[in-house]
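Participant: Predicted model and sequence follow; I will ask about them next.
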Amino acid sequence: MALYHSPLYQDALAQLEMAAEIMSADPNIIERLKYPKRAIQVSIPIRLDDGSVKTFEGYRVQHNQTLGPGKGGIRFHPHVDLSETTALAMLMTFKCALVGLPLGGAKGGVRVDPNELSRQELQSLTRRYAMEIGPFVGPDKDIPAPDIGTDRQTMAWFMDTYSQIHGYASHGVVTGKPISVGGSLGREAATGKGVAYCVNFAYEKLNQKIDNHTTVAIHGFGKVGVPAAFDLYEQGAKIVAVSDYTGALYREDGLNVHDIAEFAKERHVLKDYKADGVKHITNEELLALEVDVLIPAAIDSVITKENMETVKAKMIAEGANGPLTKDAVTYLSERDVFIIPDILCNAGGVIVSYFEWVQGLAHFFWDEDQINKTLHNILQKAFAEVVEKADLHKCDMKKAAMIAAISKLEAAMKLRGLFPG
Ligand code: NAD
């Protein structure tokens, strides 16, 4: 079935089933969590700059809405398909539950290479996609956000389209918006900041401290990788390697991440970056570096059965969604690599998205300090809950995070019951 074939979906399912077995979860609840509530496929015809019409395929999947409206990003990428979107929507259900948000799980995407479209074409694509999935989204139904290939401009176009259709400015329909149209302070850096917070919590748990001997490699220097690099760099860590899809940069004594981020902002690719002492290596070489912390923050399934034996990092902070396959998690956990699971590690983005949604509904905005402090507290509590489950069930952090999420969903789903009864 188109919905269930992808390795990412199979992996998400396996994670669910493994956790369910350890915690002896109610099989009827697990049966319901295996499938999305609703999966929408839409055609998006747009007029290209040369006057011709081209049709793209788009999706929005709502996995579970027991705890609240759906929440999840919109991805513009050539590999997007219904099954990958379904898996990502499922992970969003667990992520929101784990960190205690009153939100369910959803995800959307368009199968397109955004780099091949002009700004005008991208705007047409976003607006038509927003219109096609319009009946199924809204502040009380499902609230999209940016993901790979989309950004705050995409969200501004989405919000405007929805608002034009409904006849009023709807601040609550998407998050990750620019500040001037109801965005939240701190949202752009939130996911990476959350990754850095989680690395700190992990160091505390291991009775260690981040200092200028701590080495970090970041796979994927984008919206997640950059702020994570900045925060760890501020704390004194040496960011020895960063990468994008064109390759990686390496410097044993640490890179100047601010300079590299400035360079990347100008739409430059890292293979063209030059600075004293900076070597160019491949992404595979980056993943195999002997570092204290490896942060895969690009795409899913980068550490698999094929390359897991080459990984030498002591700690892996999953900035991306599903960067380690099931086999890689099992193999590395058995070798005492401390893995901070994606649904915890990258939850900073959805937490501040939640703050943005709340601020939008209340038409009242918080300062950045309050946002970062509340983000820190929520993640700290969730991290402690995962550690507690890991100790209780004597399992790795990845399984423990799923157990913590499923426990909350199980309790709520039992209380709400199964409609129509
Ligand atoms: P992004 O598009 O801003 O950055 C992705 C980075 O990865 C870019 O530097 C890109 O060049 C690089 N990349 C892409 N393919 C690669 C490859 N094959 N090898 C090496 N590098 C590659 O995307 P993002 O928003 O930073 O998202 C990254 C990951 O984090 C995704 O898995 C996303 O689902 C997840 N995530 C993002 C957020 C968020 O708030 N942006 C929140 C939670 C999870």
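Facilitator: Received, thanks.
Participant: Please make it C-alpha for all contacts and neighbour counts, starting now.
Facilitator: OK.
Participant: SS state for Gly68?
Facilitator: Secondary structure for Gly68, judged by DSSP: H, G, I helix; E, B strand; the rest coil, is coil.
Participant: any idea how far the closest residue to it other than its chain neighbours lies from Ile403?
Facilitator: In space, and not counting its chain neighbours, Gly68 is closest to Leu103: 4.0 Å by Cα to Cα, 6 or more residues apart in numbering. Applying Cα to Cα, to the nearest Å, the value for Leu103 to Ile403 is 18 Å.
Participant: So which of the two has more stuff around it?
Facilitator: Ile403 (30 against 26; other Cα atoms under 10 Å).
Participant: From what I see, that one and Ala20 are in contact.
Facilitator: Yes: counting by Cα atoms under 8 Å, Ile403 touches Ala20, with 7.0 Å between them.
Participant: which SS class is Gly72?
Facilitator: Taking three-state DSSP, the label given to Gly72 is strand.
Participant: how deep is it tucked in, by neighbour count?
Facilitator: Applying other Cα under 10 Å, we find 32 residues neighbouring Gly72.
Participant: What residues does the stretch 101-250 of the chain have near the ligand?
Facilitator: With Cα under 6 Å from any ligand atom as the criterion, the stretch 101-250 of the chain meets the ligand at residues 147-149, 191, 219-225, 243-245.
Participant: so which of the residues you listed comes closest to Ala202?
Facilitator: Ranked by distance to Ala202 (Cα to Cα), these are led by Thr191 at 16.5 Å.
Participant: Figure out the helix or strand that that closest one lives in.
Facilitator: helix 187-205 (DSSP states H and E).
Participant: what sits against the residue of the stretch 1-150 of the chain found nearest the ligand?
Facilitator: Proximity of the stretch 1-150 of the chain to the ligand (Cα to the nearest ligand atom) peaks at Ile148, 4.0 Å away. Ile148 sits next to Ile74, Arg75, Phe76, His77 when contact means Cα atoms under 8 Å, 6 or more residues apart in numbering.
Participant: Against Ala237, how distant is it?
Facilitator: 27 Å.
Participant: likewise Ala401?
Facilitator: In terms of Cα to Cα, Ala401 sits 27 Å off from Ala237.
Participant: The two: who's more crowded?
Facilitator: Taking neighbours as other Cα under 10 Å, Ala401 and Ala237 compare with Ala401 leading, 29 against 21.
Participant: so what's that one closest to, chain neighbours aside?
Facilitator: Per Cα to Cα, 6+ apart, closest to Ala401 is Val386, 5.2 Å.
Participant: you'd agree the one you found is up against Ala405?
Facilitator: No: under the criterion of Cα under 8 Å, Val386 makes no contact with Ala405, lying 9.1 Å away.
Participant: Now do the top helix by length along the chain: distance to the chain's middle.
Facilitator: In the chain, assigned by DSSP state H, the helix with the most residues is helix 368-393. Mean-position distance between helix 368-393 and its chain equals 17 Å (Cα atoms, centre = their mean, to the nearest Å).
Participant: what angle separates whichever helix or strand comes after it from helix 368-393?
Facilitator: Stepping forward along the backbone from helix 368-393, the first helix or strand reached (DSSP H and E) is helix 397-416. Per axes from the mean of the first three to the mean of the last three Cα atoms, to 10 degrees, the angle that helix 397-416 makes with helix 368-393 is 100 degrees.
Participant: Show me what helix 397-416 is packed against.
Facilitator: With contacts taken as 3 or more Cα pairs under 8 Å, 6 or more residues apart in numbering; DSSP states H and E, helix 397-416 sits against helix 7-23, helix 27-33, helix 82-98, strand 338-340, helix 368-393.
Participant: of all the ones you listed, which gets the most neighbours per residue?
Facilitator: Highest mean neighbour count of those: helix 82-98, a mean of 27 (counted as mean count of other Cα atoms under 10 Å).
Participant: Can that one be said to contact the ligand?
Facilitator: No: figure legend: helix 82-98 not in contact with the ligand (Cα under 6 Å from any ligand atom); closest approach 7.9 Å.
Participant: Point out the other helices and strands that that helix packs with.
Facilitator: Against helix 82-98 (3+ Cα pairs under 8 Å, 6+ apart) you get helix 7-23, strand 38-47, strand 53-64, strand 70-77, strand 104-111, helix 342-345, helix 397-416.
Participant: rerun at 6 Å
Facilitator: Contact here means 3 or more Cα pairs under 6 Å, 6 or more residues apart in numbering; DSSP states H and E; on that basis helix 82-98 packs against strand 53-64, strand 104-111, helix 397-416.
Participant: With mean pLDDT as extra columns, can I get those in CSV?
Facilitator: Below are the helices and strands packed on helix 82-98 laid out as CSV (pLDDT from 0 to 100):
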stretch, mean pLDDT
strand 53-64, 98
strand 104-111, 98
helix 397-416, 98
